[in-house]
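Visitor: Any chance you can model this:
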Amino acid sequence: MKLRLEDNGVPIYVQLREQVLRAIGSGVLKPGEQLPTMRQVAVELRVDLNTVRHAYDELEQTGAIVIQRARGTFVAERPPPLDPVRQARRTEGVAQQAIALAVAGGIDPLEMAHQVLQIMKREGTRK
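Guide: Next comes the predicted model:
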């Protein structure tokens, strides 16, 4: 996975977080796969280590990655299904994040939702 930064007004940590999430969602990064260290990412992208730490911490809080001190950072295994209330909360939170990213990027959230449905149809799967 090659991380890239864009000068689009979106905070760097958000760009990093979203790129990792896209790579996981698309299958480029598989469960159990090791990610580069925070320091490696910071050096490669020439950004502050704390910026990368912020992105990794958010990814860990969402359950997308697991940070194991002295071992590394890994893509999380597929989590067990959540109870319906927690699932609804998590779904709403992800939807709110997606809307915020769309608006920040000048994208109509309804058009983005349409594209999500098109991608799911094209792939023929529900992940």
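Visitor: from here on, contacts and neighbour counts on C-alpha atoms
Guide: Noted.
Visitor: Can you tell me how far residue 28 is from residue 53?
Guide: Spatial separation of residue 28 from residue 53 under the definition Cα to Cα, to the nearest Å is 22 Å.
Visitor: Compare neighbour counts for those two and give me the winner.
Guide: Using other Cα atoms under 10 Å, the more surrounded residue of residue 28 and residue 53 is residue 53, with 17 against 13.
Visitor: so what's the more buried one up against?
Guide: residue 38 (Cα atoms under 8 Å, 6 or more residues apart in numbering).
Visitor: Would you agree it falls within a helix?
Guide: Yes - with DSSP: H, G, I helix; E, B strand; the rest coil as the criterion, residue 53 is located in a helix.
Visitor: Spatially nearest residue to the most centrally placed residue in the chain, not counting backbone neighbours?
Guide: For the chain, residue 21 is the residue whose C-alpha lies nearest the centre (Cα atoms, centre = their mean; 2.4 Å). In space, not counting the residues next to it along the chain, residue 21 is nearest to residue 64; the distance is 7.3 Å by Cα to Cα, 6 or more residues apart in numbering.
Visitor: I'd say the one you found and residue 23 touch.
Guide: No - with contact defined as Cα atoms under 8 Å, residue 64 does not count as touching residue 23 (10.8 Å).
Visitor: For those two, indicate the residue with more neighbours.
Guide: Between residue 64 and residue 23, residue 64 has the larger neighbour count (other Cα under 10 Å), namely 21 against 15.
Visitor: what's the distance between the more buried one and residue 84?
Guide: Counting by Cα to Cα, the separation of residue 64 from residue 84 is 19 Å.
Visitor: and the helix-or-strand element of the chain with minimal mean pLDDT, what does it pack onto?
Guide: The helix or strand with the lowest mean pLDDT-type score in the chain, counting by mean pLDDT, DSSP states H and E, is helix 84-104 (a mean of 85). Packing partners of helix 84-104 (3 or more Cα pairs under 8 Å, 6 or more residues apart in numbering; DSSP states H and E): helix 109-123.
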